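> Let me see the structure of the following:
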Amino acid sequence: MTESILESTKKALGLAEDYTVFDQDIIMHINSVFSTLQQLGIGPLSGFAITDNTSIWSQFIADDNRYNSVRTYVYLRVRLLFDPPTTSYLINAMQEQIKELEWRLSVTREGDAWVSPDALPDPNLTYLVAE
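Modelled structure (predicted):
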């Protein structure tokens, strides 16, 4: 299995490594998914983005096997953005898989860095309050 984020995503999409016509589109979608994952608390705190086929999975999820489903999650989200299925049944099935993976990834992350929703506010932070 290739470690390149772009190449493995392209392979899952059914595109050959040497077919580069859609690389910039796929990279844009991959980076969008990485932004979503960062908001879920997955990946580097400062965020993560790729620019070509040299970025590898271990740069994003280190070598933590508990996050292997990130690869599937990225593929499913990119597939829906780049080449969505033509039937609503398949779209719904993929969306359900995405929801389950988000939940499972969040549960795994919370096992490492859970923050109580009842925690007292930090007096050193400024909070935005809707009026």
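> got any ranges where this protein has weak pLDDT?
Scanning the chain for pLDDT under 70 picks out the ranges 1-2, 114-131.
> Show me what the longest helix along the chain is packed against.
In the chain, assigned by DSSP state H, the helix with the most residues is helix 88-113. Contacts defined by 3 or more Cβ pairs under 8 Å, 6 or more residues apart in numbering; DSSP states H and E place helix 88-113 against helix 69-82. Where you see a C-beta, it was placed from the backbone N, CA and C, and this is true even at glycine.
> residues of the helix it packs on that come out buried?
Buried positions in helix 69-82, judged by neighbour count with 16 or more other Cβ atoms under 10 Å: S69, V70, R71, Y73, V74, Y75, L76, R77, V78, R79, L80, F82.
> do you know how far L37 is from T20?
Distance, L37 to T20, using Cβ to Cβ, to the nearest Å: 25 Å.
> Looking at the two now, which is surrounded by more residues?
The residue with more neighbours, out of L37 and T20, is L37; 24 against 14, by other Cβ atoms under 10 Å.
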